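J.: coordinates only, sequence not included:
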């Protein structure tokens, strides 16, 4: 066990955890932040995407030790009035919704980096975010809508 200091959704945390534990399990089981989903455990599906110092990462393959001194933002840390959250609802993106937190977090990282996005930008940013329901066209539409409303926050 080791003491790990980090900031999660703006709140400073000191956690006594195994340094090898994936960030995903620390978020879900230690901190009770269950919005970040477990999908595959190998970083291939994107359901567990969070921001680590503003960059989209797969939390299921990110050891908590690599997060020491950094800032983590989960779907719970994204404001409910964020342009992506609003666009997702307006376009009616989710079906089952399981992949949506990871999709939104990947899209939020993209919109923080680029004010205007093309389909190619979206394809790159969401590469590896899998949706079994096939909502990709609605996801793309929502991202374009959010970008048009000042999507970066």
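T.: Okay, I see it. Computed from a prediction, not measured in an experiment: that's the story for all the values here.
J.: what helix or strand is the nearest residue to residue 104 once chain neighbours are set aside located in?
T.: Beyond its immediate neighbours in the sequence, the residue positioned closest to residue 104 (CB to CB, 6 or more residues apart in numbering) is residue 84, lying 5.3 Å away. All C-beta atoms are positioned from the backbone trio N, CA, C, and that covers glycine. Using DSSP states H and E, residue 84 falls within helix 83-91.
J.: list the buried ones in that helix?
T.: Within helix 83-91, the residues that qualify as buried by neighbour count (16 or more other CB atoms under 10 Å) are 83, 84, 85, 86, 87, 88, 91.
J.: for the protein, which segments count as strands?
T.: 2-8, 11-17, 49-52, 55-58, 71-73 (DSSP state E).
J.: tell me if I'm right that residue 68 and residue 13 touch.
T.: No: applying CB atoms under 8 Å, one finds residue 68 not in contact with residue 13, separated by 10.8 Å.
J.: now the common contact residues for these two.
T.: Any residue near both residue 68 and residue 13 by CB atoms under 8 Å, 6 or more residues apart in numbering counts here, and that gives 5, 6.
J.: rewinding a little: got the strands of the chain as JSON lines, with distance to residue 143 columns?
T.: As requested, these are arranged in JSON lines below (distance: least, CB to CB, whole Å):
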{"stretch": "strand 2-8", "distance to residue 143": "25"}
{"stretch": "strand 11-17", "distance to residue 143": "28"}
{"stretch": "strand 49-52", "distance to residue 143": "14"}
{"stretch": "strand 55-58", "distance to residue 143": "13"}
{"stretch": "strand 71-73", "distance to residue 143": "18"}
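J.: can you say which of the ones you listed is nearest to residue 120?
T.: Of all these, strand 55-58 sits nearest to residue 120, with 16.9 Å by CB to CB.
J.: so what does the closest one touch, helix or strand wise?
T.: In this structure, strand 55-58 packs against strand 49-52, helix 100-113, with contacts taken as 3 or more CB pairs under 8 Å, 6 or more residues apart in numbering; DSSP states H and E.
J.: deepest-packed of those, please.
T.: Mean neighbour count (mean count of other CB atoms under 10 Å) peaks for strand 49-52 among the helices and strands packed on strand 55-58, with a mean of 26.
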